[in-house]
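S.K.: make a model of this:
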Amino acid sequence: MEEEARRILRKLREEQIRDGDMVVQLWENVLIDYSHKLGDELWQVYEQVCVAALDCRKLVMADACIEALLAKFPKSIRVRRLQGMLVEAEGRYDKAQELYDAILAEDPTNMFVRKRQVAILKAQGKYPEAIEKINKYLDKFMTDYEAWMELCDLYITEHDYVKAAFCLEELIMSNPHNHLYHQKFADIHYTMGGDENTKIARSYYSQAVKLNPNNIRALYGLFMAFHKLGHRICED
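M.R.: This is a model prediction of the structure:
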């Protein structure tokens, strides 16, 4: 049983699949009693379980994993990063910011920590500050497409659809075959309204459907764009 649980966790790590519930269940129900048999793999498992526990709001479990990792790796930036995520989950944002600032003083290129700082601002509802922070981040890490999507969503939250559309343009140029990028770009233009924006939306919904005929949202958007333009023609 423990070997199967171990294999599943290893597979999740290798494929970078984040399934908090499964990881926590395997740890609680199987591996916690066999942790002494994991050898050096134990430390990878502790880190994996810690992140899963944070995802599932099992903060006591996450804290226990961090304590074990700190005892083994007292100077590890990776472990201090986990500490920051724990205090974030506890709502102690100032303390998390202190931890992240200390890490960046040692490692200014730490992409993960810079993105955690954006997450702190989002959690506090400080969207303009989060936008400023992630723009500075993208000045240095322009090929982080996940960050471009995050910036897009922040602009949408602030109803700045023109800048949100610009973020999607960057993503479409990076991967023109991603149907979801085309669909979201169309969604933004449809939301902006007006004939020109609706025509742009129609075009990009159409492209999303070409790339993935099973994209129901794009199909519905295409229908709505045609319907809206048809009504305008009739009214004119």
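S.K.: ignoring the adjacent residues along the chain, who's closest to Glu170?
M.R.: Trp148 (5.3 Å; CB to CB, 6 or more residues apart in numbering). The C-beta positions use only the backbone N, C-alpha and C, and glycine is treated the same way.
S.K.: off-centre distance for whichever strand or helix holds that neighbour?
M.R.: For Trp148, the host element (DSSP states H and E) is helix 145-157. How far helix 145-157 lies from its chain's middle: 10 Å, per CA atoms, centre = their mean, to the nearest Å.
S.K.: could you pull up the mean pLDDT of that helix?
M.R.: Taken as a whole, helix 145-157 has a mean pLDDT of 96.
S.K.: quick one: neighbours of Arg114, just the number.
M.R.: Neighbour count for Arg114, taken as other CB atoms under 10 Å: 21.
S.K.: ok, the residue nearest to Cys152 when sequence neighbours are not counted to Tyr93 distance?
M.R.: Closest residue to Cys152 apart from its sequence neighbours, by CB to CB, 6+ apart: Cys167 at 3.7 Å. Plainly put, Cys167 is 25 Å away from Tyr93 if you go by CB to CB, to the nearest Å.
S.K.: what ranges do the helices span in this protein?
M.R.: Taking DSSP state H as the test, the helices found in the chain are 2-14, 20-29, 41-55, 59-72, 77-89, 93-106, 111-123, 127-140, 145-157, 161-174, 179-192, 195-211, 216-235.
S.K.: make CSV out of the ones you listed and add distance to Ser35.
M.R.: Shown next, in CSV, are these (distance: least, CB to CB, whole Å):
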stretch, distance to Ser35
helix 2-14, 10
helix 20-29, 9
helix 41-55, 6
helix 59-72, 9
helix 77-89, 17
helix 93-106, 26
helix 111-123, 26
helix 127-140, 37
helix 145-157, 32
helix 161-174, 42
helix 179-192, 40
helix 195-211, 46
helix 216-235, 44
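S.K.: now, of those, which is deepest in the fold?
M.R.: helix 179-192 (a mean of 22; mean count of other CB atoms under 10 Å).
S.K.: what packs against that one?
M.R.: Other helices and strands packing on helix 179-192, by 3 or more CB pairs under 8 Å, 6 or more residues apart in numbering; DSSP states H and E, are helix 161-174, helix 195-211, helix 216-235.
S.K.: least reliable of the helices of the chain going by mean pLDDT?
M.R.: Among these, helix 216-235 scores lowest, at a mean of 82.
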